[in-house]
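1. next come a sequence and a model predicted from it.
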Number of protein chains: 2
Amino acid sequence: MTLSVTGGDLQRLRRLNAIAALSALRAGGPATLTQLAERADLARATIKVVVKDLMELGWVIQMDPNGGEKGRPARRYRFHAEAGRVLGLDIGAHKVLAVVADLDGNVLHTTREPASPEQPRTERLAAVDRAIESCLTGSGTAASDVWLAVAGSTGYVDLQGRVVLSRAIQDWSDVPLADHLGARLRCPVLVENDSRLAALAECRRGIARDARNLVFLHVGRRAGAAVVLDGVPLRGGGGAAGEIGVHPLFNLGYVGELLQAVPSVEPGTPPDAVAGAVFEAARRGDVEARRAVLRYVKVLALATTAMALTVDPDLVVLGGGFSRSADVLMEPLRVELETMCLRTPELRASVLGDECVAIGAVCHGVDHLSKVLFDPETDLPAATSPLITV
Amino acid sequence: MTLSVTGGDLQRLRRLNAIAALSALRAGGPATLTQLAERADLARATIKVVVKDLMELGWVIQMDPNGGEKGRPARRYRFHAEAGRVLGLDIGAHKVLAVVADLDGNVLHTTREPASPEQPRTERLAAVDRAIESCLTGSGTAASDVWLAVAGSTGYVDLQGRVVLSRAIQDWSDVPLADHLGARLRCPVLVENDSRLAALAECRRGIARDARNLVFLHVGRRAGAAVVLDGVPLRGGGGAAGEIGVHPLFNLGYVGELLQAVPSVEPGTPPDAVAGAVFEAARRGDVEARRAVLRYVKVLALATTAMALTVDPDLVVLGGGFSRSADVLMEPLRVELETMCLRTPELRASVLGDECVAIGAVCHGVDHLSKVLFDPETDLPAATSPLITV
DNA sequence: GGATTTATGATGTAGCTCACCATTAAGATT
DNA sequence: AATCTTAATGGTGAGCTACATCATAAATCC
């Protein structure tokens, strides 16, 4: 029986109401006291006291009065999203992305560094450092303003933020990424699998905003996956949830190879462009290309069905590089899923492009901060470089 | 952002404290006021008022004073588990089981009715009715004392409590089971997949009490599965979570057939006894039998790996009829899982035998009641046939 | 300029939790 | 048997908290 209800004293009630007011403010945008009272289902007088406290702590600030309505103009308040910053990182095979966002998750600045799957880890880590550096200076962010950093990396990331194993990047196994970043940044660091963050991004800001349970399929030359349940990315007991790609029956690590050796693709095409050419040919109706796409889709569908039968999602989101060719992939995939699934989930293509993982990192960071900072069990801290526990 | 914190009134605080006290009482067993104050981290005076309220509502009763300690003897209180009853049902292919339990989930009485996979649905429903009938009379329970009934059935059960599809029982698809039981019982009814309830039972009362994330594998002539995450059975968006058995690559619906046609098993052996004979032969070291077992295990392992790679559980529990032969199955299964999983989960055999599903049904019912009755959002009802919403 | 509208600030009431105290009922000690 | 020790009980008052209500203030509308 997992009933862990905690009661408490009057101060706790006050805290509860403060958090309720703050949540209402964040969820519904700027508001007057009366509006907030309505939203949080509390008396105006209560809201007033609570908002005063929140302003003193620095979580809420008063906005410029905007006239235009009749009656006495109301003071309007909003969440002080600029009080701190969240750093989001996407460490992919071919690029490193850094973004700085405010506490609402609004991205303020983005920088990009090139990378390659073959480069040694020190070079990649250096690229990460450069991306962070230029993103901070570019957005005018002091290192002390960053409350939390969240990194998304390919590969299996354990609960300590160590990249245990990566197949997409050569020298990227057994990398203590959280430690490296923590030493550099002087703030808590979370490291997550990239697909999981991309899935979260789609669930919060992308195509899946109306869904609570979804499977995210990262399609590319290598395929990855992630599961979101009740709006929360599923990590599993050791952080390995979604790693269906290593299953011997659906070898997603090399699934892209199914898209090679199509006659209509010119022999000289560089490896990176082959898949795109096959998709283009299939789009034109080339029979061999369509057959290759179907082979690719069939493997994908088998893996997706296995996941769908395990967690029964409402939605499957197609993301990753190849999702640009969703027009070619979707229909055959839908057909395959329909023949195999017990309750076929809806299928949609991602709408967040390239920065999907970085945005997911920010979302994850904001969620984490909200959970830690606005926890009814502990005192509400002041909005100044608070102590975050990871 | 899913922050749905609700603040409130002083009455709400009182309610919160009442629930905290009640939870502490239920979790830790009978207690004195001082002990309860300690457990719930509240002042004695508060506990006193709250317990008085709870006694008036009928949720808490005073026990006989038990002397033997020095100092003024303290009144001892306990949760009034006898205030209501939960009915648990297991509707299997070969039997129907009914149990009556109190609000702590203690089983008071069990009845059993035979069934067969071939019988028409009306006969099976009649057997269910008989099992309920004799279980109620046998335990001296009035129909009005049953607050909630939970049924576990083989097959895919949708969120409305309808058995959509069953392969283990012939005439058992598209059965509105919740409606049938609801009309008979005059109390709310929950219907769930049987494997899911068995998994819950292992997690609460069985071998998996220390685990929060697990995959449950129902092994038999047909195999089924269920997932428990954070101590809660995973239903999925439509109740189909865990139905990995219908995946075309691991055809678990007929996996038992892999255990046939072993020379050392006498030709005349009845179909039900073949598997047991094969296991027995394998146990003795018969090579053909071991090979058959290995074929069976390999299929099982592929399906289990797919699930494990999706949700990354800490534990896989082997349950169902064939788990009696866990000694033969475990080791090869462990080996297979180790070669395929990224993070191999621990493997254990079920300890709750035949009544596993029924016990799980009771656990699920008690959980549901706790959630609905002791919800901080609503007033605490009196402990007399309360209105339960499903 | 007056009427209307809407937000603000202040007051009083009721309810809750808690710390503190004297009281009570048992076993332990002399 | 009388006294001491121990530990729970019951009651009181202090300090907060949330809420409803009311007079007041600052805009727009006619």
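-> Happy to help now that I have it.

2. which secondary structure elements does the longest helix along chain A sit against?
-> Secondary structure of chain A per DSSP state H: the longest helix is helix A:287-311. Judged by 3 or more C-beta pairs under 8 Å, 6 or more residues apart in numbering or on different chains; DSSP states H and E, helix A:287-311 is in contact with strand A:214-218, strand A:224-229, helix A:271-284, helix A:326-340, strand B:224-229, helix B:287-311. Heads up, the C-betas are built off the backbone N, CA and C, glycines and all.

3. alpha carbons of the helix or strand just after the longest one, as PDB, please.
-> Scanning forward in sequence from helix B:287-311 by DSSP states H and E, the next helix or strand is strand B:315-319. Listed in PDB are the C-alpha atoms of strand B:315-319, where the atom choice follows Å, rounded to 0.1, in the frame of the first residue of the first chain:
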ATOM      1  CA  LEU B 315      12.800  -7.800 -12.100                       C
ATOM      2  CA  VAL B 316      11.100 -10.500 -14.200                       C
ATOM      3  CA  VAL B 317       8.700 -12.800 -12.300                       C
ATOM      4  CA  LEU B 318       7.900 -16.100 -13.700                       C
ATOM      5  CA  GLY B 319       4.300 -17.000 -12.900                       C
END
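
4. wait, does stretch A:205-221 contact chain B?
-> Yes. Residues of stretch A:205-221 contacting chain B under C-beta under 8 Å from any C-beta of the partner chain: A:Arg212, A:Asn213.

5. that stretch: which residues count as buried?
-> Within stretch A:205-221, the residues scored as buried using 16 or more other C-beta atoms under 10 Å in any protein chain shown are A:205-208, A:211-221.

6. over to that stretch now: how far is its first residue from its last?
-> Start to finish, the residues bounding stretch A:205-221 are 25 Å apart (C-alpha to C-alpha, to the nearest Å).

7. where along chain A do the helices fall?
-> Taking DSSP H to define them, one finds helices in chain A at A:10-28, A:33-40, A:44-57, A:121-138, A:177-185, A:194-204, A:271-284, A:287-311, A:326-340, A:356-373.

8. give me the contacts around the first one.
-> What it means is helix A:10-28. For helix A:10-28, contacts defined as C-beta atoms under 8 Å, 6 or more residues apart in numbering or on different chains pick out A:31, A:35-36, A:39-40, A:42, A:46-47, A:50-51, A:53-54, A:59-60, A:77-79, A:104, A:374, A:376, A:379-380, B:1, B:3-8, B:10, B:12-13.

9. list the buried residues of that helix.
-> For helix A:10-28, burial by neighbour count (16+ other C-beta under 10 Å) applies to A:12-26.

10. ditto for the longest one
-> Along helix A:287-311, these residues count as buried under the neighbour rule (16+ other C-beta under 10 Å): A:289-290, A:292-294, A:296-297, A:299-311.

11. so A:Ala168 touches A:Tyr156, yeah?
-> No. Using C-beta atoms under 8 Å, A:Ala168 makes no contact with A:Tyr156, being 11.2 Å away.

12. higher neighbour count, the two?
-> Using other C-beta atoms under 10 Å in any protein chain shown, the more surrounded residue of A:Ala168 and A:Tyr156 is A:Tyr156, with 23 against 19.

13. which residues does A:Glu346 form beta bridges with?
-> A:Glu346 forms beta bridges with A:Leu315, as assigned by DSSP bridges.

14. cool, and A:Ala149?
-> Applying DSSP bridges to A:Ala149 gives these bridge partners: A:Leu87, A:Val189.

15. that one reaches A:Arg184, doesn't it?
-> No. In this structure, A:Ala149 is not within contact of A:Arg184 by C-beta under 8 Å, at 9.1 Å.

16. the more surrounded of the two?
-> With neighbours defined as other C-beta under 10 Å, A:Ala149 and A:Arg184 compare such that A:Ala149 has more, 26 against 16.

17. which residues touch that one?
-> Neighbours of A:Ala149 in contact, by C-beta under 8 Å, 6+ apart: A:Val86, A:Leu87, A:Gly88, A:Leu89, A:Leu181, A:Leu185, A:Cys187, A:Pro188, A:Val189, A:Leu190, A:Gly365.

18. check contacts around the first one.
-> If I follow you right, that is A:Val86. A:Val86 makes contacts with A:100-103, A:105, A:146-150, A:362, A:365-366, A:369, as judged by C-beta under 8 Å, 6+ apart.

19. and if we set it to 10 Å?
-> By C-beta atoms under 10 Å, 6 or more residues apart in numbering or on different chains, A:Val86 lies in contact with A:99-108, A:145-150, A:187, A:361-366, A:368-369.

20. neighbours around the residue in chain A that DNA strand C sits nearest to, how many?
-> Relative to DNA strand C, the nearest point of chain A is A:Gly71 (2.2 Å; C-beta to the nearest atom of the strand). By other C-beta under 10 Å, the residues close to A:Gly71 number 5.

21. that one and DNA strand D, how far apart?
-> 5 Å (C-beta to the nearest atom of the strand, to the nearest Å).

22. equivalent analysis for A:Glu192, please.
-> Look at A:Glu192 and DNA strand D: by C-beta to the nearest atom of the strand, they are 36 Å apart.

23. give the contact list for the closest residue to that residue other than its chain neighbours.
-> Spatial nearest neighbour of A:Glu192, chain neighbours left out: A:Gly152 (5.6 Å); criterion: C-beta to C-beta, 6 or more residues apart in numbering or on different chains. Neighbouring residues of A:Gly152 by C-beta under 10 Å, 6+ apart: A:88-92, A:97, A:190-198, A:200-201, A:356-361, A:364.

24. what do you get for A:Arg112?
-> Listed by C-beta under 10 Å, 6+ apart, the contact set of A:Arg112 reads A:90, A:95-99, A:127, A:131, A:134-135, A:354-355, A:358.

25. can you check A:Ala199 too?
-> Contacts of A:Ala199 (C-beta under 10 Å, 6+ apart): A:193, A:206, A:208, A:214-218, A:224-228, A:233-234, A:242, A:317, A:319, A:350, A:356-357, A:360.

26. run a quick neighbour tally on the nearest residue to A:Pro233 once chain neighbours are set aside.
-> Of all residues not flanking A:Pro233 in the chain, A:Arg196 sits nearest, at 4.5 Å (C-beta to C-beta, 6+ apart). Using other C-beta under 10 Å, A:Arg196 has 27 other residues around it.

27. try A:Asp179
-> Neighbour number of A:Asp179 under other C-beta under 10 Å is 14.

28. for it, which residues are in contact?
-> Neighbouring residues of A:Asp179 by C-beta under 10 Å, 6+ apart: A:Gln160, A:Gly161, A:Arg162, A:Val189, A:Val191.

29. in PyMOL, how would I select the buried members of the residues you listed?
-> In PyMOL, a selection of the buried entries from those looks like this (16+ other C-beta under 10 Å):
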select buried, chain A and resi 161+162+189+191
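
30. how close does A:Val99 sit to A:Thr141?
-> The gap separating A:Val99 from A:Thr141 is 11 Å, by C-beta to C-beta, to the nearest Å.
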